[in-house]
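Visitor: No sequence on hand, only this structure:
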């Protein structure tokens, strides 16, 4: 099955939609009603897979945050214990300073009392000192006990936090594992669907030709100038008179190798008589003239007439076109049916067909112009000005 750059899928009904795009020169070829649906399903499945992956990433982040919080609790507990121990040391130092000052005072009193103090007074002082020492010892014991109790509770608190974290991790891991397993099953389903879609696309891809067509400078009359970086615009720059140009690539009319072919031209300037475009057999001796009444020629003239296999089909100007108009011609090589369009509308003829005697020929797009200053721009796809949906 051959592939055509400007392939467009045509069927019986032909409905235009303006300002659309066509990928690869094809026009929404529906393959027994399944291709568009499966593409939509694959997009929905891809979105579901993306959401599951984002949810899994979010769970991993929550687990990391929980671990960091546990570490912070341990650090805070350790700092609190160290602060309490430090506070107790400071209190002990203050008491020692007070005790030292008191002892110095007692020493002074004793020295003074060596002369005049009685034994009773000295005994009271010693009792007071003993009480102070006892009170200091009791206070030290209570402080140490409180610190020890709080310190003993820290491992218990840490164990409790670790148990909670472990349970949370197990639940999270189980949930994540279940979801990951479900995600893997979804991925397998998606792969199967992609495989089915790819199989369904094979006959469609066979109808597309990825070559980009353009006007052939070696098959162009000297009075015509091909301009533009893509060689799509043709300008009549010589004296008035018929001259023609063919495109580089052809379409093969072979029922055993079906193609959908279509192209359009936009009239940029039209000075005098008329313009003719279509497709026919590429021959150098046809460049110096109007390609219309040749056997195997199918064309659309600017005064509104059609030519089918070299024979004119008059319309009394009903389908004439000029500056600003976009007109097109297409053919289905499998059915040999020819269609003509103007500004997004399919023209009212459904009984135009390529002659069976020329059905296996190779045809090239062409345009013929008469007047100096005439200019057209061709569009061989894939992005046509008007999109056709054929069923």
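Guide: Structure received. Everything numeric in this text was worked out from a predicted model, so none of it was measured. Numbering: from 1, shown residues only.
Visitor: alpha carbons only for contacts and neighbour counts from here, please
Guide: Fine.
Visitor: and stretch 282-290, how far apart are its ends?
Guide: Chord length of stretch 282-290, first to last residue, is 13 Å (C-alpha to C-alpha, to the nearest Å).
Visitor: For it, buried residues please.
Guide: 282, 286, 287, 288, 289, 290 (16 or more other C-alpha atoms under 10 Å).
Visitor: The last one is in contact with residue 246, isn't it?
Guide: No. The criterion here is C-alpha atoms under 8 Å, and residue 290 misses it with residue 246 at 11.9 Å.
Visitor: thinking residue 216 is in contact with residue 246, fair?
Guide: Yes. Assessed by C-alpha under 8 Å, residue 216 is found in contact with residue 246 at 6.0 Å.
Visitor: neighbour-wise, which of the two wins?
Guide: More neighbours surround residue 246 than the other of residue 216 and residue 246, with 30 against 16 (other C-alpha atoms under 10 Å).
Visitor: so what strands line up beside the one helix or strand the more buried one maps to?
Guide: Using DSSP states H and E, residue 246 falls within strand 243-247. Take DSSP bridges as the rule and strand 243-247 pairs in its sheet with strand 215-220 (antiparallel), strand 362-369 (antiparallel).
Visitor: winner for burial among those strands?
Guide: Highest mean neighbour count among the strands paired with strand 243-247 (mean count of other C-alpha atoms under 10 Å): strand 362-369, with a mean of 25.
Visitor: and after that strand, which helix or strand comes next?
Guide: Per DSSP H and E, the first helix or strand lying C-terminal to strand 362-369 is strand 375-379.
Visitor: Give me the contacts around that next one.
Guide: For strand 375-379, contacts defined as C-alpha atoms under 8 Å, 6 or more residues apart in numbering pick out 232-236, 263-270.
Visitor: cutoff 10 Å now
Guide: By C-alpha atoms under 10 Å, 6 or more residues apart in numbering, the surrounding residues in contact with strand 375-379 are 6, 25, 212-215, 224-228, 231-237, 247, 262-271, 275, 323-324, 326-328, 365-367, 369, 385.
Visitor: Buried only: go through the residues you listed for me.
Guide: Judged by 16+ other C-alpha under 10 Å, buried ones among the contacts of strand 375-379: 6, 25, 212-215, 224-226, 231-236, 247, 262-270, 275, 326-328, 365-367, 369, 385.
Visitor: out of these, which are inside strands?
Guide: If you go by DSSP state E, these have 215, 224-226, 233-236, 247, 262-269, 275, 326-328, 365-367, 369 in strands.
Visitor: The chain - how does it break down into domains?
Guide: 36-205, 211-380 (automatic domain parsing).
Visitor: Just the ones in helices from the buried residues of stretch 282-290, please.
Guide: Among the buried residues of stretch 282-290, none falls in helices (DSSP state H).
Visitor: Could you provide those residues in JSON lines, with additional columns for pLDDT and distance to residue 355?
Guide: Converted to JSON lines, the buried residues of stretch 282-290 look like this (pLDDT from 0 to 100; distance: C-alpha to C-alpha, whole Å):
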{"residue": "282", "pLDDT": "88", "distance to residue 355": "17"}
{"residue": "286", "pLDDT": "81", "distance to residue 355": "21"}
{"residue": "287", "pLDDT": "88", "distance to residue 355": "23"}
{"residue": "288", "pLDDT": "83", "distance to residue 355": "25"}
{"residue": "289", "pLDDT": "82", "distance to residue 355": "23"}
{"residue": "290", "pLDDT": "82", "distance to residue 355": "21"}
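Visitor: Output the lowest mean pLDDT helix or strand found in this structure.
Guide: Ranked by mean pLDDT, DSSP states H and E, the helix or strand of the chain with the weakest confidence is strand 14-18, at a mean of 44.
Visitor: For residue 377, which non-adjacent residue is closest in space?
Guide: Leaving aside its sequence neighbours, residue 377 sits nearest to residue 233 (C-alpha to C-alpha, 6 or more residues apart in numbering; 4.2 Å).
Visitor: Quick check: beta-bridge partners of the one you found?
Guide: Under the criterion used (DSSP bridges), residue 233 bridges to residue 227, residue 377.
Visitor: Pick out the shakiest of the strands paired with strand 243-247, pLDDT-wise.
Guide: Sorting the strands paired with strand 243-247 by mean pLDDT places strand 362-369 lowest, at a mean of 92.
Visitor: Now do the helix or strand containing residue 141, average pLDDT.
Guide: Using DSSP H and E, residue 141 maps to helix 119-205. Confidence for helix 119-205, expressed as mean pLDDT, is 64.
Visitor: and residue 306, how far is that from residue 376?
Guide: To residue 376, residue 306 is 18 Å away according to C-alpha to C-alpha.
Visitor: So for the two, which residue has more residues nearby?
Guide: Neighbour comparison, residue 306 and residue 376: the larger count goes to residue 306, with 24 against 21 (by other C-alpha under 10 Å).
Visitor: Run through the residues that contact that one.
Guide: Contacts of residue 306 (C-alpha under 10 Å, 6+ apart): 276-278, 292, 298-300, 312-315, 319, 340, 352.
Visitor: Whichever of those residues end up buried, select them in ChimeraX.
Guide: Those of the contacts of residue 306 that count as buried under 16+ other C-alpha under 10 Å are selected in ChimeraX with:
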select :276,277,278,292,298,299,300,312,319,340,352
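Visitor: Inside strands: which ones of the contacts of residue 306?
Guide: Using DSSP E, 276, 277, 278, 298, 299, 300, 312, 313, 340 are the members of the contacts of residue 306 that sit in strands.
Visitor: Enumerate the beta-bridge partners assigned to the fourth one.
Guide: For residue 298, the beta-bridge partners are residue 279, residue 308 (DSSP bridges).
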